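Asks: Generate a structure from the sequence data that follows.
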Amino acid sequence: MKKKKIKNRKVILRNKRIFISSLIFSVTIIAISAGIFFYRTFRPKYYVTPLAVVSYKNTFTTINSTSDMVSQIKQMLNKENISYTNVSLNSQNTCQITLPQQQQVFLATDKDLSLQIASLQLITSRLTMEGKRFSRLDLRYDNPVITFAQ
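Replies: Numbers count the residues shown, from 1 in each chain. Sure, this is the predicted structure:
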């Protein structure tokens, strides 16, 4: 009789260990899954619409001269890995950027430049994937105006 009780105790102890280890494993898997879910759900989304809602700090500051404005735009373009050949400021708060394939992009200098440059990056990457070439892109308005090459 004693031997059966000892075997039963060993079996019960083994079953408890299996239950506790499976419980710890299950809780760990659930915690990892919840972490991945919350990360994917609540991380900042950089590109939602063609006018991208970007979580940059507000870089719209008062700039004293046109050369400072041009250098700031060039710096932002380089940061976003957008190649360009020329950046110039026109009258009426307009910046004209010429891309390598003679494509022209117009930006409004009185609006948030980082938002417009993020939109430029999104639009050019999407059009490049689709194999379309544009000749002119105007980001000065609420909705971008794209003129395609003939």
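Asks: all strands of this structure, in order?
Replies: 86-90, 94-98, 104-108, 134-138, 145-148 (DSSP state E).
Asks: deepest of those, which one?
Replies: Ranked by mean neighbour count, the strands of the chain are led by strand 104-108 with a mean of 20 (mean count of other C-beta atoms under 10 Å). To be clear about C-beta, it is placed using only N, CA and C from the backbone, and glycine gets the same treatment.
Asks: from the middle of its chain, how far away would it be?
Replies: Centroid separation for strand 104-108 versus its chain: 21 Å, with C-alpha atoms, centre = their mean, to the nearest Å.
Asks: quick one: that strand to strand 134-138, angle?
Replies: Angle, strand 104-108 to strand 134-138, by axes from the mean of the first three to the mean of the last three C-alpha atoms, to 10 degrees: 10 degrees.
Asks: got the angle between strand 104-108 and strand 86-90?
Replies: Taking the same axes, to 10 degrees, one finds strand 104-108 and strand 86-90 inclined to each other by 40 degrees.
Asks: quick one: Ser114 and Gly35, what's the gap?
Replies: Here Ser114 is placed at a distance of 30 Å from Gly35 (C-beta to C-beta, to the nearest Å).
Asks: same deal with Val105?
Replies: 40 Å.
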